[in-house]
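> attaching a predicted model along with its sequence, questions to come.
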Amino acid sequence: MSEEAIRLLNLLQETLRYEQSIVELLKRHRGLLVEAKDFATQPILEEISALCAKVVDSETRRQGVMNNLVAELGLSSADLTIRELIRHPSLSPIREELDSVSRALRAAMAEIVRLRDDIHALASQAKTYSDLVMSALRDVSSKTSYGSSMAQGSRFISVRT
């Protein structure tokens, strides 16, 4: 079996670990937003950002390994997918692992997208609520003032007596 094939499997497993960590962090982020603790999300966002940079780095390395593997196996790299690559006879010893990791990667990415959409919806709802409250406060403050009951000619009634 090819050393490049083993490198590909290792890179896919590394990427999967990063993406699973991102999923867990996004779940924590969503939970904090639900609890209205958005002030506590900054460290999580920084950690997600660092993990995303690692995913990009591993993806760049994966592309290099894929190019080497494709050349080694004599395949055409045009539109080659992991599913098609798995079927190559020389990869049969790691076929199940490659298939399992690729399925887990697709599932993790689907979960990341779902969580991103949840977080976006929560943020949008919070902004709508905040805008509504600010509008109501602006309307109230423009109609009345604290000094209006003390205006000249008005009668002041003390509630202390």
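Sure thing, it's come through.
> list the contacts for the nearest residue to residue 108 once chain neighbours are set aside?
Leaving aside its chain neighbours, residue 108 sits nearest to residue 19 (4.0 Å; criterion: C-beta to C-beta, 6 or more residues apart in numbering). (C-beta placed from N, C-alpha, C; glycine too.) Contact analysis of residue 19 by C-beta atoms under 8 Å, 6 or more residues apart in numbering lists 55, 105, 108-109, 112.
> following element in sequence after the helix or strand encompassing residue 19, please.
If you go by DSSP states H and E, residue 19 is part of helix 3-34. Next along the chain after helix 3-34, taking DSSP H and E as the criterion, comes helix 42-73.
> list the buried residues of that next one.
Buried residues in helix 42-73, counted by 16 or more other C-beta atoms under 10 Å: 44, 48, 51, 54-55, 58, 61-62, 65-66, 68-70, 73.
> thinking again about what came up before, in the helix holding residue 19, what counts as buried?
By neighbour count on 16+ other C-beta under 10 Å, the buried set for helix 3-34 is 4-5, 7-9, 11-16, 18-23, 25-26, 28-30, 32-33.
> got the angle between that helix and helix 42-73?
Relative orientation of helix 3-34 versus helix 42-73 (axes from the mean of the first three to the mean of the last three C-alpha atoms, to 10 degrees): 160 degrees.
> lowest-pLDDT helix or strand in this protein?
Least confident element among the helices and strands of the chain, by mean pLDDT, DSSP states H and E: helix 82-86 (a mean of 84).
> packing partners of that helix?
Secondary-structure packing of helix 82-86 (3 or more C-beta pairs under 8 Å, 6 or more residues apart in numbering; DSSP states H and E): helix 42-73, helix 95-143.
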